[in-house]
Structure formats: C-alpha cells, structure tokens
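>>> this is the structure alone, sequence omitted:
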DNA sequence: TAGAATACATACCGGTCGGTATGCACGTCA
DNA sequence: TGACGTGCATACCGACCGGTATGTATTCTA
C-alpha cells in the first residue's frame, strides 16, 4: 500500500465510521481496524485523532464539492437546483437503514469546546454550505421564483438551520416518508417560493450519476 | 441531605453539566463531584448513567413544562405565545457565554444507537415538543394569523426541525445577534404568518417571571 | 432494644481510551 | 556497501471510563 493509499484509506474509513456513528464514539482503534492499518501507521500520518477529523472534513468537502457543483450547475434552472439538492440530501443521508444526520452537522454537539481547531473546521464547513445556499437563493430571486426578496444571507442561514434540524431528526426518527415530505415543504416555505412553483419539478437526480457511484 | 435531595441534586447537576457539554463527555465521576455526592450514592439512586439520563429528561421536562404552559397560556393571543416562545428560547439557551444547543436536541447525535431506552426517551421528548407546537399552530390558524392552512402536524414538525437547527448552530457559532434575527424570521416564514403580523408583538417575557428564577 | 433495611462512603475493578516508544523492513543515495 | 530516512508493526503506557464489592452510620420497625 502506497503512502497516499494508506492516508486516503484512513480518511475514508474515518468518514464512514463517523458518518454511521459519531466522533466521540468512534475510536482510533476501530478506525485502524476497519481501515486495515495499524495504530503506528495512523499516528505516522496524523498527529492526533482531532487532526484526522480536521483533515477528514476537508477531504469530505472535496468529495461532495463535485456533487454540489453538479447540483448547482448553472445549466439547471434554480428550481431544478433546489429539487436536486433535496434529492441529494436523501441520497446522502437516507439511502439505507443506517439513517444518520450528517456527522459534520452533528459534530458540533459531539466535541468538547476545548478543541479549537475542530470547532474552526466545522465553522468553515457550515459557512461554505451557507455560501452555496446563498448562490441558489440569488438565482431563485433573479428568476422571479420567490414571493418577496428579503435578506438573502439570512435566508441562506435559515436553509442551513432547517436542513440541519431535519437531518438530526432523521437520526432519532428514521421515518423516511415523513422526512421526504417535510424537507421540501420546509425549504419552499423558508425560501418563500411562489406557490405556483411548488413541487413543479421532478427529481432529476439521474443527471448526477457520479454521486451514486461514489456513495456506493 | 435527605433522599430526595440527593436524587434531585444529581438530576439537576447532570442536567446542568450535560447542558453545558454533552452526554458522552460528562462522566459519572464529574457529575458526582459537582453534585457533592459520592459514586456510591449515585449508583444507589440510579442503576446506570443511561438510566440517570432517562430520568433527567423526564425531570427536565417537568421543570420546563411549567414554563411552556405559561408561554402557551390561552390568555395570551397566539401571536404573543409565539413571541414568548422565541423569547424563551433565547432565555434558555443564549443567556450567558456558555451558549449551547439544548442537550436533548443534540443528544440524539451523541448517543450510540445501542441504548434503546435513551433513544426512546429522546423520541418522547421531541414528540411532546412537537405536540406543543401543534397546539400553537392550531391557535394561529383559528385566529386567522396564517396565510394558508396546510398540514398542521407537518408544520409542527417543521417548527421543531428549524428550532433544533438554530440551536445547534448556536453551539458552534454563538452569535447571539444573528440568532436573534434568524429564529423569528424562520418561524414566521415556516408558519406562514401573515406579514402584517410580523414583529407586531413585543416581548412579554416579563409575564413569565418564574422562569428567570428557575434559570438563575 | 434487637435487627433489618436504608443511604450512603471508600476502595477498587476490568476495559478502553488516545497516544507513544521502539524496532524493523525497505528504498535511496553517497 | 553502508549510512540513513521513510513507512510502517508491535507492544505498551497512564489516564479515565462506567460500574461494583464491601463496609458503615443512621433510621425505621417489630
């Protein structure tokens, strides 16, 4: 196994495990075991568990950035972008039985305040997500899909809050059908999409095949 | 110290500590130390840490139920109830520097799925909260404050999701000013309050003095 | 007033945690 | 060919975890 292979294996394994469970519960030993490497290798590549987590957030972001860029591709109408986003959230978080909220959404609640670097990584992650939301909202506004213009940066935050809440709820109550109804309804309401456009688009997730491969 | 005193001290201390941090991080030893009792006393009253947590959720609920009943008192107009709720969320979660989301909102992310009883306790807690939301929504609808009637049970969930998201965000980004704007804005939007009523009421939190004492 | 139950206190347990010290195979380059 | 840095593997560490065994003071009961 080459250098980068071991590193990536650790990052991917950490993501998967933390994804399925959470940061505090997943131990270094288990990450190593699942990744098929030893603890020596782990601490050869990462100086601490927290350090791995920080790098994993960056790695995670790099992975889904492609998806997001596809979802928010300018060739799609904003409404389709929104629908794609909703589908993506299902795809990513509700595909199988092990339904969990996004670990990075939740991680803020899982980590002691003491680790400043980790908190910082999470801040950045959420901030970037909000930035994506903002771009979508601007498109929606420009396209005349929204009932009234407001503080768009605020709306981007509202979107984030709501999605976060839904995903966390899904962790405790993995009721896919309910989530499937609540997520779009809440987003349409929060964004103030004109009602004539509600549910007007059908899922076009097939247009983003790369994700299905990556998530498989 | 009488029996019930020790029990209550443990429950209160556990609440406070978990509130400030989280379930997995707060240890039995620390709870005992802060409560001024020994481990023997702890395990005399509670059969396990998880058991304490379950009882603490019930205790917590019993404590804030009074507040909620005051907030949602029928003598208040629904709009005032909503405003009171918003003020209450600030009061409870954003009062001092140690800004955290509600631990029971977050706890789902902190606990391994293995502990079924804990998950159950959390389910009940969120379900009860949603029930309160539903009552408020019905009042708002009956009072003609909402733009359109929809699935009110769904709206109650949407409220819960959003509040949860905002509170969790506050954990990582304790920006009180922003939260203070986002929380009402999101709720008004989600509930579809007629815009003529937005921000029309002023905080009447003074009408709920019991809370300030209890939280102090 | 004897004795049983209650309400703890103290000391300790096995296990697991994140992290480390050390050794060694192997490629690189002088 | 030998010194050296890289990329690990193994064995182990102290701290801490939730939980327990046991002793004891107090109170309630018969």
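Happy to help now that I have it. This structure is a prediction, so every number in the text was calculated from the model and none was measured. Numbers count the residues shown, from 1 in each chain, chains lettered A, B, ... in the order given.
>>> from here on, contacts and neighbour counts on C-alpha atoms
Fine.
>>> check what pLDDT residue A:123 gets.
Here the pLDDT value assigned to residue A:123 is 82.
>>> residues near it, how many?
17 (other CA atoms under 10 Å in any protein chain shown).
>>> contacting residues around it?
By CA atoms under 8 Å, 6 or more residues apart in numbering or on different chains, the contact set of residue A:123 is B:172, B:173.
>>> which SSE is it in?
Using DSSP states H and E, residue A:123 maps to helix A:116-142.
>>> the helix or strand that that helix is followed by - what's its average pLDDT?
As assigned by DSSP H and E, the chain's next helix or strand after helix A:116-142 is helix A:152-172. Computed over helix A:152-172, the mean pLDDT rounds to 90.
>>> give me the angle between helix A:152-172 and helix B:116-142.
Helix A:152-172 and helix B:116-142 are oriented at 140 degrees to each other (axes from the mean of the first three to the mean of the last three CA atoms, to 10 degrees).
>>> for helix A:152-172, packing partners?
If contacts are counted by 3 or more CA pairs under 8 Å, 6 or more residues apart in numbering or on different chains; DSSP states H and E, helix A:152-172 sits against helix A:103-110, helix A:116-142, helix A:176-191, helix B:116-142, helix B:152-172, helix B:176-191.
>>> can you do 10 Å?
The contact analysis (3 or more CA pairs under 10 Å, 6 or more residues apart in numbering or on different chains; DSSP states H and E) places helix A:152-172 against helix A:78-93, helix A:103-110, helix A:116-142, helix A:176-191, helix B:103-106, helix B:116-142, helix B:152-172, helix B:176-191.
>>> looking at those, which has the lowest confidence?
helix A:103-110 (a mean of 57).
>>> how far out from the middle of the chain is the helix holding residue A:123?
Distance, stretch centre to chain centre, for helix A:116-142: 11 Å (CA atoms, centre = their mean, to the nearest Å).
>>> would you mark the buried spots in it?
Within helix A:116-142, the residues scored as buried using 16 or more other CA atoms under 10 Å in any protein chain shown are A:118-119, A:121-123, A:125-126, A:129-141.
>>> okay, the residue located most distally from the centre of chain A: pLDDT?
No residue in chain A sits farther from the centre than residue A:40, which is 30.7 Å out by CA atoms, centre = their mean. Predicted confidence (pLDDT) for residue A:40: 93.
>>> you'd agree it is up against residue A:48?
No. Counting by CA atoms under 10 Å, residue A:40 stays clear of residue A:48, with 11.7 Å between them.
>>> residue A:71 and residue B:65, how far apart?
To residue B:65, residue A:71 is 43 Å away according to CA to CA, to the nearest Å.
>>> between the two, point out the one with more neighbours.
A count of neighbours by other CA under 10 Å puts residue A:71 above the other of residue A:71 and residue B:65, at 25 against 13.
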